[in-house]
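[1] Need coordinates for the following:
(chains A and B)
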Protein chains: 2
Amino acid sequence: MEHEDYMRLALAMARQAAADGEVPVGCVAVCGGRVVGWGRNRQEKRKDAQAHAEMEAMAEASRTLDRWRLKDVALYTTLEPCPMCAGAIYNARVGAVYFGARDRQAGACGGVLNLFMEGFTGGPAIQGGLLEAECSGILADFFRKRRKT
Amino acid sequence: MEHEDYMRLALAMARQAAADGEVPVGCVAVCGGRVVGWGRNRQEKRKDAQAHAEMEAMAEASRTLDRWRLKDVALYTTLEPCPMCAGAIYNARVGAVYFGARDRQAGACGGVLNLFMEGFTGGPAIQGGLLEAECSGILADFFRKRRKT
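    A predicted model of the protein is given here:
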């Protein structure tokens, strides 16, 4: 599988979030070519501000791999990680992060600040803009529909 | 109860973490004078880098209060929150944070960076240095003993 294939799985998770009425963000955690963690935003349903897609995917990856260190794990997430998720990525030593849409309101990988250039060096390799149009489109659709209701 | 009394509860949680061989950090979440969430670092035992004291206390507070917004909640934590925990505090709209020891390696409330002055404004009221000697002492003891073994 290629990077874009994994991002399509993250997009499928984001669509599930949208179907549940959640802000549509999805994430998969990949290790050795295998998806070891799946996540989608479930903040409203779980009534927990920690239930972001990336947090869920990382937590499942740790359960799958039976360890908290995720150096050999890559995250594919449809939206740029927020400070909480970027901090969790740093704490878990995640090796690489691919994200789709830039987040100018809450992004911590350059959108608002870049955590990994603000004293928290040695973080993951980061690549933004992967399938950006699809990833930002699903968010735009969600908010457009919500304004109409 | 006064601020120092709540911090003593957080210190008791930190001591439990130390007894379990975890880096000793403890936290309690307080709402309307009642402790609604307890947390201690359990990263090694749970094999999950997200299992910081503050994350556990906030998650329990959300379960107790049945909502993700924690504007009326104050956190008492023995160590300055890291970026992940500070980000979770911001996401959950936590109203106030009292911490004990400053963290010059990983603190996101001024120790390394101040997340709440780096684009993430409107965050909690923050007071550091509450029972600082006890809070930093328990960490110093832990690392001194670990170096000897």
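[2] Quick check, pLDDT for the spatially most central residue of chain A.
    Centroid-nearest residue in chain A: A:Thr77, 3.2 Å away (criterion: Cα atoms, centre = their mean). We have a pLDDT of 98 for A:Thr77.
[3] where does it fall, phi/psi-wise?
    Dihedral angles of A:Thr77 (phi, psi; degrees, to the nearest 10) stand at phi -130, psi 140.
[4] gap between it and B:Gln43?
    According to Cβ to Cβ, to the nearest Å, A:Thr77 stands 22 Å off from B:Gln43. Yep, even glycine has a C-beta here, placed from its N, CA and C like the rest.
[5] rewinding a little: check the gap between the residue nearest to the centre of chain A and B:Thr149 for me.
    Counting by Cβ to Cβ - A:Thr77 and B:Thr149 are separated by 39 Å.
[6] Equivalent analysis for A:Arg93, please.
    For A:Arg93, the distance to B:Thr149 equals 24 Å [Cβ to Cβ].
[7] try A:Thr149
    For A:Thr149, the distance to B:Thr149 - Cβ to Cβ - is 60 Å.
[8] what does chain A put close to chain B?
    With Cβ under 8 Å from any Cβ of the partner chain as the criterion, chain A meets chain B at residues A:43-44, A:46-52, A:55, A:58-59, A:62-63, A:66-70, A:82-88, A:90-93, A:106, A:108, A:112-113, A:115, A:118-120.
[9] mind showing which ranges of chain A have poor pLDDT?
    Of all residues in chain A, none has pLDDT under 70.
[10] please redo it, this time with the cut-off set to 80
    Scanning chain A for pLDDT under 80 picks out A:149.
[11] Break down it into its strands, ranges please.
    Using DSSP state E, the strands of chain A run over A:26-31, A:34-40, A:73-79, A:96-101, A:125-127.
[12] Can you list the strands that the third one pairs with?
    Spelled out, it's strand A:73-79. Strand A:73-79 has the following strand partners under DSSP bridges: strand A:26-31 (antiparallel), strand A:96-101 (parallel).
[13] that older thread, hmm, the residue nearest to the centre of chain A is touching A:Val25, no?
    Yes: A:Thr77 lies in contact with A:Val25 (Cβ atoms under 8 Å); the separation is 6.9 Å.
[14] Any chance you could list residues touching both of those two?
    Common contacts of A:Thr77 and A:Val25 (Cβ atoms under 8 Å, 6 or more residues apart in numbering or on different chains): A:Ala53.
[15] Could the C-alpha coordinates of stretch A:74-89 be exported in PDB?
    Taking C-alpha atoms only, stretch A:74-89 is exported to PDB below (Å, rounded to 0.1, in the frame of the first residue of the first chain):
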ATOM      1  CA  ALA A  74       3.300   6.100  11.000                       C
ATOM      2  CA  LEU A  75       0.100   8.000  11.600                       C
ATOM      3  CA  TYR A  76      -2.200   9.000   8.700                       C
ATOM      4  CA  THR A  77      -4.600  11.600   9.800                       C
ATOM      5  CA  THR A  78      -7.000  13.700   7.700                       C
ATOM      6  CA  LEU A  79      -6.500  16.900   9.800                       C
ATOM      7  CA  GLU A  80      -3.300  18.500  11.100                       C
ATOM      8  CA  PRO A  81      -2.900  17.300  14.800                       C
ATOM      9  CA  CYS A  82      -3.900  19.700  17.600                       C
ATOM     10  CA  PRO A  83      -1.500  20.400  20.600                       C
ATOM     11  CA  MET A  84      -2.900  17.400  22.600                       C
ATOM     12  CA  CYS A  85      -2.500  15.000  19.700                       C
ATOM     13  CA  ALA A  86       0.900  16.400  18.700                       C
ATOM     14  CA  GLY A  87       2.000  16.100  22.400                       C
ATOM     15  CA  ALA A  88       0.800  12.500  22.500                       C
ATOM     16  CA  ILE A  89       2.700  11.800  19.200                       C
END
